[in-house]
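*Asks:* Dropping the sequence and predicted coords here.
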Amino acid sequence: MYAQMVKSTGTGVKSLDEMDPRERAFQERIDAGEKIEPKDWMPEEYRKTLIRQIGQHAHSEIVGQLPEGNWITRAPTLERKAILLAKVQDEAGHGLYLYCAAETLGVSRDEMTRMLLDGRMKYSSIFNYPTLTWADMGAVGWLVDGAAIMNQVPLQRTSYGPYSRAMIRICKEESFHQRQGFDIMMKMANGTAAQKKMAQDALNRFWYPALMMFGPSDKDSVHSAQSMAWKIKMNTNDELRQKFVDQTVPQAEYLGLTVPDDKLAWNEERGHYDFSEPDWDEFYDVLKGNGPCNRERLAARQKAWDDNQWVRDGLLAHAQKREAMKVAAE
Ligand code: BYC
């Protein structure tokens, strides 16, 4: 049983013996691979962890539209523009599926947005980096969506039913996103010398931020042990980061680009690439709000929230009026 294993390694996760009967029955359902549904009993911490993770994921999808939205008006061809537009719209859809999944846990979308705006909730660190050239659209699709898929494919088997079902839909679309990014990189890497230089520059700037998307190294991850015991997370941060490097390095070679890491080397014994860790001071600094675009991203979300107040007011008034008419008719 996972819960017992992690206890023995000193991670502070309760063993089955330490749980009260309700918690124990809950953990046994999870260990047996059953899905937990909204009306089922769940430990309060399980509910809170899901709201934190799903909410953060939803916010990431919505904020993630901003760096790519930046290039819709400047896409090099009509076809590229249509593809990028469709991708950005998909991200909005992913945000909505995820907000709906989080709402089944008793938190409203408005509350989650307020928590994002006042700093109580996060979004992925990656979206605090700017997209400076068209090649960045390739790098974002290839590396950022590539990292997202690596994390999200296992989450299709996560223990919370609504989250798991949302992930199944999202993963189908993310694969297309990753392919379109790689396709842009192919064009740029096989284009003129200037285009290839742009592609290399985009890889140089996005490589380490993409590695940071998987979260701190396992020794510093606060939530992994409990989240894995509850199958809210299916892998550790380092496991997924390694899988991402192993998958992506041959793709970079195929593009004729160089991963910006002198220590990168295939380790025959481990059957994996050795690679340099990202700069974790930079990661924590970005989380604290000091990345290149943190202020700009939050300002954009705040503006959207303020500008659309009249829509929320109108919808609420409409719902209240319908309710009043229903009561009057009864
Ligand atoms: N950025 O204990 P840990 C996408 C925080 S892709 C910001 O390991 P956990 C998209 C973490 O929240 C991205 N914060 O945490 C792609 C915690 O702080 P709090 C969205 C991060 O939760 C393309 C602290 O660091 N994907 O949407 O077990 C286009 C300690 O970390 C980050 C998901 O969200 C980070 N990178 O593991 C458009 C996937 N990493 O909360 C859109 C679902 C860590 O205690 N999420 N932190 O204050 C997960 O799998 C997990 O939440 C993580 C972190 C692996 C990210």
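*Replies:* In hand now; what should we look at? Just so you know, these numbers come straight off a predicted model, no measurement behind them.

*Asks:* so which strand or helix has the closest residue to residue 148 other than its chain neighbours?
*Replies:* The shortest distance from residue 148 to any non-neighbouring residue, by C-beta to C-beta, 6 or more residues apart in numbering, is to residue 174 (5.8 Å). Bear in mind the C-beta positions are built from the backbone N, C-alpha and C, glycine included. Element membership of residue 174, judged by DSSP states H and E, is helix 161-189.

*Asks:* Which strands or helices does the following helix or strand past that helix pack on?
*Replies:* Note on helix 161-189: by DSSP H and E, the next helix or strand toward the C-terminus is helix 193-212. Packing partners of helix 193-212 (3 or more C-beta pairs under 8 Å, 6 or more residues apart in numbering; DSSP states H and E): helix 135-139, helix 145-155, helix 161-189, helix 237-255, helix 280-285.

*Asks:* Give me the angle between the fourth one and helix 161-189.
*Replies:* On the basis of axes from the mean of the first three to the mean of the last three C-alpha atoms, to 10 degrees, helix 237-255 is oriented at 30 degrees to helix 161-189.

*Asks:* What is the distance between helix 237-255 and the centre of its chain?
*Replies:* Centroid displacement of helix 237-255 relative to its chain, using C-alpha atoms, centre = their mean, to the nearest Å, is 17 Å.

*Asks:* again, but for the third one
*Replies:* Centroid separation between helix 161-189 and its chain, computed with C-alpha atoms, centre = their mean, is 12 Å.

*Asks:* ok, it near the ligand or not?
*Replies:* No - Helix 161-189 lies apart from the ligand when judged by C-beta under 6 Å from any ligand atom; the minimum separation is 6.6 Å.

*Asks:* Show me which positions of that helix end up buried.
*Replies:* 161-164, 166-167, 170-171, 173-174, 177-178, 180-182, 184-189 (16 or more other C-beta atoms under 10 Å).

*Asks:* angle of it against helix 193-212?
*Replies:* Using the same axes, to 10 degrees: helix 161-189 against helix 193-212 is 160 degrees.

*Asks:* what helices or strands is helix 161-189 leaning on?
*Replies:* Under the contact definition 3+ C-beta pairs under 8 Å, 6+ apart, helix 161-189 sits against helix 78-103, helix 135-139, helix 145-155, helix 193-212, helix 237-255.

*Asks:* list the buried ones in the third one?
*Replies:* Okay, so that is helix 145-155. If you call a residue buried by 16+ other C-beta under 10 Å, then helix 145-155 has these buried ones: 145-155.
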